[in-house]
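Novice: Okay, sequence plus prediction incoming.
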Amino acid sequence: MSGAPARVAVLGYGYWGPNIVRTLQALPDAELAVCCDASPARLRDAELRYGVPVATSWRDVLADPAIDAVIIATPAHTHRELTLASLAHDKHVLVEKPFATTAGEAEEMYQAAERRGLALEAGHTFLYNPSVEVLRQEVAAGRLGSVRAAFAVRASHGPRVRDDVDVTLDCMVHDIYILQELLGPAVAASANGACVLTPGIADSAMARLTFASGAAAFCYASWYEPVKTRRLTLVGAEAMADYDDLREDEPVRILQRGYEPIEGVDAFANRGWRHFDRGCRVAGVVWEEPLRRELQVFIDRVCGRRTEPGVAPASVLAVARTLDAVGRSMQRDGAPERVGGGAHG
């Protein structure tokens, strides 16, 4: 491309679309060409709030040769079709989560992008969160010691209940890709879910993921909790990391707590183990809006200033395979499933 701003179309102006439109308009090297949605009411809101051109036909949008790139924020079951159609019209594409509903769909989408030499990005927004970057640095530097376990909770009550995907693809996906960034891909999963609101669509779910290192992660996600929670704990041999995304002042704390092996019995009658607590430190987090960083990486790829993806295709595919295993396990009442394979013994 020349030095002109990238002309971008946003497909979908529902729950997440307004955030994309707002953030995209603030990027100097991007031009929001059109916002497309099937709902006239939502499009009126886009026009009134942001003054953007609107359209109801995504086919007409993709047929416009002046549009360089497309951001897809539509229901998950449409992601494959819209991505393949966008790539066929020579548009670079960013797909918000969940990237695809199955690993097979994700593979097909990346293969199409590779054939046409186009950028295809996954909206794994929390990987651009400075707090997650701090966690990555703590783990990589070995300051927690070997990570033995992790606990993730992502829950809220409203304002919406999805009928296109369950809570694992809507919410738990965030913790799966964060944990994968920190611990590597999961090798097995077991999960159970509850379908309170819509038959066949889990609105609460618990999954146990195991990793090649031997670490285990326990992930809970729900649309049916009265208190919003976004929390991740990493338990290492030397320290614990406590990440609370809703704790704005100190989102990441490192607690020098744990158990260490001893001979005999300690003062609390712990046999073979002694509890230690050597204090807490707050990890410094310099805030930048993750969505802005995500969109800037995409625009840089569209404009030719960057060749490497923000999120590697191999990482996205590994997350999709983990979600597939979680789904298979829920269908089998929690039976363990290999990631990328069948039953896990």
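Specialist: Looks like it came in fine.
Novice: Report all helices and strands that the strand or helix carrying Ala205 contacts.
Specialist: Assigned by DSSP states H and E, Ala205 belongs to strand 204-211. The criterion is 3 or more CB pairs under 8 Å, 6 or more residues apart in numbering; DSSP states H and E, and the helices and strands that strand 204-211 contacts are helix 173-183, strand 186-194, strand 216-222, helix 313-331. In short, each C-beta sits where N, CA and C put it, glycine included.
Novice: Could I get the average pLDDT for that strand?
Specialist: When pLDDT is averaged along strand 204-211, the result is 98.
Novice: And the helices in the stretch 201-345 of the chain, which stretches?
Specialist: Using DSSP state H, counting those that start in this stretch, the helices of the stretch 201-345 of the chain run over residues 290-302, 313-331.
Novice: what's the closest of these to Ile176?
Specialist: Closest approach to Ile176 among those (CB to CB): helix 313-331, 5.4 Å.
Novice: List the contacts of that closest one.
Specialist: Under the contact criterion CB atoms under 8 Å, 6 or more residues apart in numbering, helix 313-331 has outside partners 98-100, 102-103, 105-107, 110, 120, 122, 124, 166, 168-169, 172-173, 176-177, 180-181, 185-186, 188-193, 202, 205, 207, 209, 335-340.
Novice: sorry, back to before: return the distance of the strand holding Ala205 from the chain's centre.
Specialist: Centre-to-centre, strand 204-211 and its host chain are 15 Å apart (CA atoms, centre = their mean, to the nearest Å).
Novice: Could you list the low-pLDDT ranges of the stretch 51-200 of the chain?
Specialist: 160 (pLDDT under 70).
Novice: With respect to Ala269, which of the helices of the stretch 201-345 of the chain lies nearest?
Specialist: The nearest among those, by CB to CB, is helix 313-331 at 37.7 Å.
Novice: Tell me what angle the closest one forms with strand 216-222.
Specialist: 70 degrees (axes from the mean of the first three to the mean of the last three CA atoms, to 10 degrees).
Novice: send the alpha carbons of helix 313-331 over as PDB?
Specialist: Coordinates of each C-alpha in helix 313-331 appear next as PDB, following Å, rounded to 0.1, in the frame of the first residue of the first chain:
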ATOM      1  CA  PRO A 313      -1.600 -19.200  13.400                       C
ATOM      2  CA  ALA A 314      -0.200 -22.200  15.300                       C
ATOM      3  CA  SER A 315      -1.300 -20.600  18.500                       C
ATOM      4  CA  VAL A 316      -4.800 -20.000  17.300                       C
ATOM      5  CA  LEU A 317      -5.100 -23.500  15.900                       C
ATOM      6  CA  ALA A 318      -3.900 -25.000  19.300                       C
ATOM      7  CA  VAL A 319      -6.600 -23.000  21.100                       C
ATOM      8  CA  ALA A 320      -9.200 -24.200  18.700                       C
ATOM      9  CA  ARG A 321      -8.100 -27.800  19.200                       C
ATOM     10  CA  THR A 322      -8.300 -27.300  23.000                       C
ATOM     11  CA  LEU A 323     -11.800 -26.000  22.700                       C
ATOM     12  CA  ASP A 324     -12.800 -28.900  20.500                       C
ATOM     13  CA  ALA A 325     -11.500 -31.300  23.200                       C
ATOM     14  CA  VAL A 326     -13.400 -29.400  25.900                       C
ATOM     15  CA  GLY A 327     -16.600 -29.700  23.900                       C
ATOM     16  CA  ARG A 328     -16.100 -33.400  23.300                       C
ATOM     17  CA  SER A 329     -15.500 -34.000  27.000                       C
ATOM     18  CA  MET A 330     -18.700 -32.100  27.900                       C
ATOM     19  CA  GLN A 331     -20.600 -34.300  25.500                       C
END
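Novice: Go through it and flag the buried ones.
Specialist: By 16 or more other CB atoms under 10 Å, the buried positions in helix 313-331 come out as 313, 315-330.
Novice: Then stretch 69-77?
Specialist: Buried residues in stretch 69-77 (16+ other CB under 10 Å): 69-74, 76.
Novice: For Asn19, state which of those is nearest.
Specialist: Using CB to CB, these come closest to Asn19 at Ala73, 8.7 Å.
Novice: So that closest one is in contact with Trp16, correct?
Specialist: Yes - the criterion here is CB atoms under 8 Å, and Ala73 meets it with Trp16 at 4.9 Å.
Novice: hey, what's in contact with both of those two?
Specialist: Common neighbours of Ala73 and Trp16 are listed as Glu96 (criterion: CB under 8 Å, 6+ apart).
Novice: Contact partners for Val167?
Specialist: Contacts of Val167 (CB under 8 Å, 6+ apart): 193, 202-205, 221-223.
Novice: mind redoing it with 6 Å?
Specialist: 202-203, 205, 221, 223 (CB atoms under 6 Å, 6 or more residues apart in numbering).
Novice: And Glu288, by the same measure?
Specialist: Contacts of Glu288 (CB under 6 Å, 6+ apart): Pro130.
Novice: now swap in Leu32 and tell me
Specialist: 8, 24-25, 52.
Novice: Report the beta-bridge partner residues of Trp217.
Specialist: You called it Trp, but residue 217 is Ala. With DSSP bridges as the criterion, Ala217 is bridged to Ala150, Leu209.
Novice: And it, how close does it get to Tyr15?
Specialist: Counting by CB to CB, to the nearest Å, the gap from Ala217 to Tyr15 is 27 Å.
Novice: Between the two, which has more neighbouring residues?
Specialist: It is Ala217, of Ala217 and Tyr15, that has more neighbours when counted by other CB atoms under 10 Å, with 27 against 13.
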